[in-house]
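Colleague: requesting a structural model of the entry that follows:
(one chain, ligands or ions: 1)
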Amino acid sequence: MGDQDLPGVLVSGFKGPHGICEDHVRDLQKHFHLITMEEFLENKTQLAPKIRAVFVWGGRPAVDRELLRSLPSLRIVASAGAGLDHLDLALIASSGVKVASTPHAVSSPTADLGMALLLAAARRVVEGHQLAVSPDTEKFSINWMGQGVTGATLGIIGMGSIGYKIAQRARAFEMKILYHNRKRRKLEEEGAVGATYCARLDDLLQWSDFVMLAVSLTPQTQGLVGRRELSLMKPSATLINIGRGPLVDQDALVEALQTGVIKAAALDVTSPEPLPRDHPLLKLKNVTLTPHIGSATHQARRQMMESLVESILASLNGLPIPNEVLLE
Ligand SMILES: O=C(O)C(=O)CO
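Modeller: Residues are numbered from 1 along each chain as shown. Purely as a prediction, here's the structure:
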């Protein structure tokens, strides 16, 4: 699609819930000849040598061994978002291909959503809306209440750029902020947001009124919050997950929510996404769900697209790649 003399960029497609929106397609076409997965699979021999970059949007297309093998001119995988759990970085690096992502574009909107979920769960905004629009006005009672946010303790797990921005926002709500991270932040960074480091995750879990997961999904963090961790939390506490579904043992979470081990959960991410329509999380009143929309603002999505264009162009021109992902 577009000018065939421009460098070829493989994209998942333009249709369906994961399709790239029309405005972004038009902008991408100013720089690249976009080749959809469908076109590629129909005409691999002719198109494969033209493809210099894969544009990964919403985790698609999957960049696996077979795809890497079939793209001899590939220079870069440009992946939208901060999370990299959908990419096999070692495999891609072993093919001599670079990777870029868009961590800066997503950190503020994702932190905003984290706070939105925290507030919505604490103040039961979704339930409140349902009561407000219910035809049965008698359903509302003056004794219908939520949890206070001002002055409460927020425990942030994962103090990367998203976690730090959550702390900045929580400070405005006069929250006490605890955090747990692989690496302790500099003292001046802690001081600027009034955050206290918890070297032990258990301490953070026991002391927090709200626990916010803002950590990347890696083999080390998979199942980080399981039955034991949930049992350490206060019965009045709320778990918020804006990281990735598999950070939490979801069956243990359902049980904890059903039996009052914790008060509530607010989840932007689940496993799988979307959840099967008969999943118990969809039926619980003390659960607030959003469909993985951390970066879903017009502004952030445009910034993500522009950042990926810059990274692809830099790699094709042999220049330093903005937001290049380096293997640790
Ligand atoms: O940037 C990401 O990886 C996200 O999932 C934002 O929600």
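Colleague: and stretch 227-245, end to end?
Modeller: Start-to-end span of stretch 227-245 (CA to CA, to the nearest Å) is 15 Å.
Colleague: ah, wrong one, I meant stretch 178-193
Modeller: For stretch 178-193, the first and last residues are 10 Å from each other (CA to CA).
Colleague: contact partners of that stretch?
Modeller: 153-160, 163-164, 167-168, 170-171, 177, 195-201, 203-204, 207-208, 215 (CB atoms under 8 Å, 6 or more residues apart in numbering). Where you see a C-beta, it was placed from the backbone N, CA and C, and this is true even at glycine.
Colleague: again, only this time at 10 Å
Modeller: Outside stretch 178-193, the residues within contact range by CB atoms under 10 Å, 6 or more residues apart in numbering are 153-160, 163-171, 177, 195-205, 207-208, 211-212, 214-215, 218, 220-221, 224.
Colleague: make a PyMOL selection of the buried ones in the residues you listed.
Modeller: Burial among the contacts of stretch 178-193 is assessed by 16 or more other CB atoms under 10 Å; the matching PyMOL selection reads:
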select buried, resi 153+154+155+156+157+158+159+160+163+164+165+166+167+168+169+170+171+177+195+197+198+201+203+204+205+207+208+211+212+214+215+221+224
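Colleague: near the ligand too, which of the contacts of stretch 178-193?
Modeller: Among the contacts of stretch 178-193, none lies close to the ligand by the criterion of CB under 6 Å from any ligand atom.
Colleague: for the ligand, what are the nearby residues on the stretch 51-200 of the chain?
Modeller: Checking the stretch 51-200 of the chain against the ligand by CB under 6 Å from any ligand atom, the hits are Gly81, Ala82, Gly83, Val106, Thr110.
Colleague: which of these tops the neighbour count?
Modeller: In terms of neighbour count, Thr110 stands highest of these at 27 neighbours, by other CB atoms under 10 Å.
Colleague: name the element it belongs to?
Modeller: Element membership for Thr110, per DSSP states H and E: helix 103-123.
Colleague: packing partners for that helix?
Modeller: helix 125-133, strand 153-157, helix 161-172, strand 210-213, strand 238-241, strand 264-267, strand 287-289, helix 298-316 (3 or more CB pairs under 10 Å, 6 or more residues apart in numbering; DSSP states H and E).
Colleague: out of these, deepest packed?
Modeller: Highest mean neighbour count among these (mean count of other CB atoms under 10 Å): strand 210-213, with a mean of 28.
Colleague: give me the next element, helix or strand, following that strand.
Modeller: helix 227-232.
Colleague: which parts of that following helix are buried?
Modeller: Glu229, Leu230, Leu232.
Colleague: same check, this time on stretch 70-78
Modeller: Result for stretch 70-78 [16+ other CB under 10 Å]: buried residues Leu71, Leu74, Arg75, Ile76, Val77, Ala78.
Colleague: and the first one, what does it touch?
Modeller: Contacts of Leu71 were listed using CB under 10 Å, 6+ apart, and they are 8, 10, 40, 44, 47-54, 63, 77, 95, 97.
Colleague: at 8 Å what do you get?
Modeller: Leu10, Ala48, Ile51, Val54.
Colleague: what strand or helix carries it?
Modeller: Leu71 belongs to no helix or strand, assigned by DSSP H and E.
Colleague: pLDDT weak spots in this protein?
Modeller: Applying pLDDT under 70 to the chain flags the ranges 1-2.
Colleague: tell me the contacts of the residue nearest the centre of it?
Modeller: The residue lying closest to the centre of the chain (CA atoms, centre = their mean) is Gly243, at 4.9 Å. Shown in contact with Gly243 (CB under 8 Å, 6+ apart): Gly83, Gly158, Leu213, Ala214, Val215, Ser216, Leu217, Thr221, Val269.
Colleague: name the nearest residue to the last one, sequence neighbours excluded.
Modeller: Sequence neighbours aside, Gly245 is the residue nearest to Val269 in space, at 4.7 Å (criterion: CB to CB, 6 or more residues apart in numbering).
Colleague: for the one you found, the count of nearby residues, please.
Modeller: 17.
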